[in-house]
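Visitor: model this:
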Amino acid sequence: MLDEIVLLESSSLRASVAGRDDVLDKVKELALSPDGLHATTKDVAAYFEVGETVIWAVLHDHRSELQSNGYRVLSGEELTCFKQVCGIKSRSRSVGIFSRRAVLNTAMLLRDSIVARQVRTYLLDTERAHSTEPVDNLIHRLKEWIDTRITDALAHHPAAPADAGAARIAEDIVRTTIGTAIVPVLNTAIRNDGDQRARIEALEDEVTRLQRVLREREAAGSADALDAMSTYQFTQHIARLCRRDGCDPVTVTGGHGGSGADIVAYTPDGRRVVVRCTPRTPATVITSGDVQQFIGMARLDHKADIALLVAACPFTRDALLLAARHDMTAVHRGLLEAWSGGVKLQAFRH
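Guide: Numbering: from 1, shown residues only. Below is the predicted model:
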């Protein structure tokens with residue numbers, strides 16, 4: 001059974017469902033160029049309700065996969081023809097175009113898009129429904145077909161002078177049926193068995209890789225790992241935790257200085273989350289001054305419904321009391337380790 005996290009991580013599983021681009025229309029209408037076959041980068045960004053830079057980032061990281069599913073960059077005569085057909089006035093020397101299949105591929109790669117998540121939901125629901133369909137009993141149907149063929153052949157064959165003649169006729173019919181029907185079926189089954197074995201081996205490799213990724217992510221929440229993280233790595237780790245707990249979209253804003261917002265996210269029920277990440281060493285502490293500065297920024301500048309000050313170090317007693325008075329979540333070292341280990345923050349619960 002496919003899972004959204006596995007779908008985001010596994011190129012093999014994305015490839016296995018890449019042809020089901022009909023799910024795009026179940027979420028919203030995809031604007032296509034006048035040729036009716038392609039969407040531009042601008043069209044794709046509009047469909048997923050993200051900026052074009054987000055689509056370019058996906059292209060940068062997964063270009064070969066998207067190209068295998070129909071993404072192309074037009075230039076020269078191809079671009080000229082495309083502009084004429086579509087009435088494009090741009091003087092750009094190249095234009096990237098997406099097939100519907102490539103747009104679906106993009107939906108399976110975009111983490112911070114509500115529309116992309118909805119597409120993945122429909123895709124996974126379709127896959128689950130498909131996997132639960134009953135399988136026909138091929139052998140039973142084949143036996144019925146052979147019996148019918150023999151009965152019809154005997155009925156239309158000239159009567160034989162003796163029982164031996166009838167037996168020979170039946171034997172010839174069975175031999176012909178086996179050669180024309182059963183042997184090709186068995187050959188196909190053998191080929192399919194080889195294909196299935198190859199697919200199983202590929203999936204086993206994929207599972208092994210995903211298990212390694214999960215182990216690395218679990219290890220990322222350990223105390224030693226938190227201490228070793230750079231500011232960028234620490235912020236990305238917190239962003240992943242927000243996504244894991246259902247926030248979408250999650251935007252890493254790259255705030256600067258003590259009053260900046262590093263992450264802005266939204267809970268499933270629409271509350272705005274503002275996060276400040278402070279990867280200080282265990283030897284340092286977060287003071288009430290740090291909390292005061294962050295509260296003012298989060299509430300006044302960013303209109304936060306939930307304010308998280310996350311640090312890999314302890315908070316002073318005064319800092320914790322001030323955070324509690326202002327309904328701010330102080331994610332201190334101990335709470336951060338628990339959050340990284342799978343415990344959902346109280347602030348995210350309904």
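Visitor: Val44 and Arg100 touch, don't they?
Guide: No: between Val44 and Arg100 there is no contact under Cβ atoms under 8 Å: 10.5 Å. Quick note: C-beta positions are derived from backbone N, CA and C, even for glycine.
Visitor: distance of Lys28 from Ala116?
Guide: Lys28 is 11 Å from Ala116, where distance means Cβ to Cβ, to the nearest Å.
Visitor: where in the stretch 151-300 of the chain is pLDDT low?
Guide: 151-200, 202-223, 254-259 (pLDDT under 70).
Visitor: run the last query once more with 50
Guide: The stretch 151-300 of the chain contains residues with pLDDT under 50 at 160-161, 257-258.
Visitor: same question for the helix or strand Glu78 falls within, mean pLDDT?
Guide: Per DSSP states H and E: Glu78 is located in helix 76-86. Helix 76-86 carries an average pLDDT of 79.
Visitor: just the buried residues of the helix or strand just after it, please?
Guide: As assigned by DSSP H and E, the chain's next helix or strand after helix 76-86 is strand 94-99. Buried residues in strand 94-99, counting neighbours by 16 or more other Cβ atoms under 10 Å, are found at 95-99.
Visitor: and stretch 286-295, by the same measure?
Guide: Across stretch 286-295, burial judged by 16+ other Cβ under 10 Å covers 286, 288, 290-291, 293-295.
Visitor: can you tell me which of those residues is nearest Val50?
Guide: Set against Val50, the nearest of the buried residues of stretch 286-295 by Cβ to Cβ is Phe294 (27.7 Å).
Visitor: could you measure from the closest one over to Asp327?
Guide: Applying Cβ to Cβ, the value for Phe294 to Asp327 is 13 Å.
Visitor: joint contacts of those two?
Guide: Common neighbours of Phe294 and Asp327 (criterion: Cβ atoms under 8 Å, 6 or more residues apart in numbering): Ala307.
Visitor: so how far is Arg93 from the closest residue to Glu49 other than its chain neighbours?
Guide: Spatially, and ignoring its direct neighbours in sequence, Glu49 is nearest to Val115 (5.4 Å; Cβ to Cβ, 6 or more residues apart in numbering). Using Cβ to Cβ, Val115 is found at 30 Å from Arg93.
Visitor: more neighbours: those two, which one.
Guide: Using other Cβ atoms under 10 Å, the more surrounded residue of Val115 and Arg93 is Val115, with 17 against 9.
Visitor: do I have it right that that one meets Ala45?
Guide: No: look at Val115 against Ala45 with Cβ under 8 Å: they stay out of range, at 10.6 Å.
Visitor: on that earlier part again, among the buried residues of stretch 286-295, which are located in helices?
Guide: The helices, defined by DSSP state H, take in 288, 290-291, 293-295 from those.
Visitor: show me which of the residues you listed is closest to Cys313.
Guide: When these are ranked by distance to Cys313 (Cβ to Cβ), Asp290 comes first, at 10.5 Å.
Visitor: wait, isn't the closest one in contact with Asp318?
Guide: No: using Cβ under 8 Å, Asp290 is not in contact with Asp318, being 10.7 Å away.
Visitor: start and end of stretch 247-263, how far apart?
Guide: Start to finish, the residues bounding stretch 247-263 are 11 Å apart (Cα to Cα, to the nearest Å).
Visitor: what's the burial count for Met253?
Guide: No, residue 253 isn't Met; it's Thr. Counted with other Cβ under 10 Å, residues neighbouring Thr253 total 14.
Visitor: kindly apply the preceding question to Thr106 instead.
Guide: Using other Cβ under 10 Å, Thr106 is surrounded by 28 other residues.
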